[in-house]
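Participant: starting from these lines, generate the structure:
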Amino acid sequence: KPLNPFQKSLIELGSIYALRTLIYSQSGALQDNDFSTWTVGISERFKSAKPYRFDDNSLVINHVGHAMMPAFETALFRTNGMGFYQSFALQFTASTFWEFVIEAKETVSLNDVLETPVAGASISEVLFQFSQFYRRGAANRHNKIIGGFFSGPMAFNYWVNGTARKASDRLDAQGYDANTYHSFKNYLGSGVYSSRFLLRAGTEMELVNIKDYKKPGAEHRFYNFPIAAEFDLSVGGNHQSLNEVKLLMQTQFASYHAKHIGIDSTEQARGTSFLVGVSSAYEMNYAQYPTINDNVITVHILGLAAEWFRISGKTQLTAKAKIYGDYASVSSQALDNYTQQYDPLTNIKSSFKEGYYHAIGASLLSEIELKHDRFLEGAKLFAGQYSSVDGYDRHQELVLNDFHLRDTRTEAKTWIAFLPTPEMELQLGYEKRQWKSTIDPNTSNNPQVNMFTTKVVWVY
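Facilitator: Residues are numbered from 1 along each chain as shown. Below you'll find the predicted structure:
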């Protein structure tokens, strides 16, 4: 008898967790055993808040391992046919069971309870949506290669479940699914700052699963499933060092779309489109400049995303904004200054030895772009504010100097562009990045980078 999607997912998840439990149990000496026995650990979880802490694992373990591994598990659930919310619920249940029961001899890592299901769901849905998009395209080499990149371990399920590629009933000139709106931009560019030179490469990819999105027509509809996905990746550096790496994966669900775009007497499209919904995301930011060594890895837990689009003949205006509540691991630019002014860092947050602190905060990601015929101008703004979580350190009993930290990160970009063809943009731009780190009461550091940029952007 064929297994249903939940049964398939449960078998796969059970197999993964059985293997993980075996490895964990055989490497017990490497674990932090905070309680003498498993039974004592279970009991303590119901007696006080003491067993609930933010751990001091490395950034790689906390923010890469605990995000990427569950993302692949949740993506397996999706390829089995489970819905987005059901997949999240299964992952949340499994990860909570692991943290509370399997690891009962350890304190409950609050960051793991939060990051594993939320970041995992955000990442997996982006991978799943892009994988599905390329599988609905023509069976050409490009779609197979790029689709394979997004599929990853999901390809195993496609094979096990016998899921064959099935091209959409509408393909555009490039062999993509014409029923799904897409905006893909690949770019190469350069930047100049403080007499230094930087090379950059990246991609910005967006999907909206609404038929004829931004095209003439009318719609007023609520979508209760993931409706949009974004994948942004950029790398910058020179022959001396890697200066920056940025990765952002966002998914939007529970959305409302309103559109009224018509064709006037001159055969020109005129009207507006508005999309608003709930969103979550996962973001990694690495910056290495002469006076800056910064890492901020963020789980955008939940937020509100909106996009407004206006077309009037050859003129198009697009405005986007996302506001998030965040959990993040942040490196402070003020720690070196603090060490120089006061005693060496002793009896402080244990995660400092890994170069970060746990924080909660909020962020804004916004963009506006005006295009008229072959000319374009745009701007982006990112602003994030973070505040350290105090009193819940992995070894709080040893933390005698539990000072508070605050950080803000802002990045503003503006550019103008000429389009020699509809598929290419030649951009000139300016960027300003600012860091502000503060340690109570009076220690702070406020570096910034100003950069002039050029880009060649391929739009497809």
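Participant: strands of the stretch 251-400 of the chain, start to end?
Facilitator: Ranges of strands in the stretch 251-400 of the chain, per DSSP state E, counting those that start in this stretch, are 269-289, 292-312, 315-330, 357-372, 375-388.
Participant: turn those into CSV, including mean neighbour count.
Facilitator: C-beta coordinates here come from the backbone N, C-alpha and C atoms, glycine included. Output for these, formatted as CSV (neighbours: other Cβ atoms under 10 Å):
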stretch, mean neighbour count
strand 269-289, 20
strand 292-312, 20
strand 315-330, 19
strand 357-372, 18
strand 375-388, 18
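Participant: I'd like those as a markdown table, with mean pLDDT and distance to residue 99 appended.
Facilitator: Supplementary listing: the strands of the stretch 251-400 of the chain in a markdown table, determined by pLDDT from 0 to 100; distance: least, Cβ to Cβ, whole Å:
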| stretch | mean pLDDT | distance to residue 99 |
| --- | --- | --- |
| strand 269-289 | 96 | 19 |
| strand 292-312 | 96 | 16 |
| strand 315-330 | 97 | 15 |
| strand 357-372 | 97 | 16 |
| strand 375-388 | 97 | 22 |
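Participant: in a strand, residue 184, correct?
Facilitator: Yes: assigned with DSSP: H, G, I helix; E, B strand; the rest coil, residue 184 falls within a strand.
Participant: give me the beta-bridge partners of it?
Facilitator: Beta-bridge partners recorded for residue 184 (DSSP bridges): residue 205.
Participant: count the neighbours of it for me.
Facilitator: 16 (other Cβ atoms under 10 Å).
Participant: give the buried residues for the lowest-mean-pLDDT helix or strand in the chain.
Facilitator: Least confident helix or strand of the chain, by mean pLDDT, DSSP states H and E, is helix 335-341 with a mean of 77. Neighbour counts over helix 335-341 (16 or more other Cβ atoms under 10 Å) mark 335, 338 as buried.
Participant: could I get the strands of the stretch 251-400 of the chain as JSON lines with distance to residue 158?
Facilitator: Below are the strands of the stretch 251-400 of the chain laid out as JSON lines (distance: least, Cβ to Cβ, whole Å):
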{"stretch": "strand 269-289", "distance to residue 158": "24"}
{"stretch": "strand 292-312", "distance to residue 158": "28"}
{"stretch": "strand 315-330", "distance to residue 158": "31"}
{"stretch": "strand 357-372", "distance to residue 158": "32"}
{"stretch": "strand 375-388", "distance to residue 158": "36"}
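Participant: and the contacts of the least confident helix or strand of the chain?
Facilitator: Helix 335-341 has contacts (Cβ atoms under 8 Å, 6 or more residues apart in numbering) with 345, 352, 403, 437, 439, 443-445.
Participant: give me that answer again for 7 Å
Facilitator: 345, 439, 443, 445 (Cβ atoms under 7 Å, 6 or more residues apart in numbering).
Participant: could you do stretch 142-152 as well?
Facilitator: Residues outside stretch 142-152 that contact it (Cβ under 7 Å, 6+ apart): 72, 127, 130-131, 134-135, 137, 155, 158, 175.
Participant: then that stretch to CSV, C-alphas only?
Facilitator: Provided in CSV are the C-alpha atoms of stretch 142-152 (Å, rounded to 0.1, in the frame of the first residue of the first chain):
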residue,chain,number,x,y,z
HIS,A,142,20.5,25.2,-17.7
ASN,A,143,17.4,24.3,-15.9
LYS,A,144,18.8,20.9,-14.9
ILE,A,145,22.0,22.3,-13.6
ILE,A,146,20.6,25.3,-11.6
GLY,A,147,17.6,23.2,-10.5
GLY,A,148,20.0,20.6,-9.2
PHE,A,149,21.8,23.2,-7.2
PHE,A,150,18.6,24.2,-5.4
SER,A,151,17.4,20.6,-5.1
GLY,A,152,20.4,19.2,-3.2
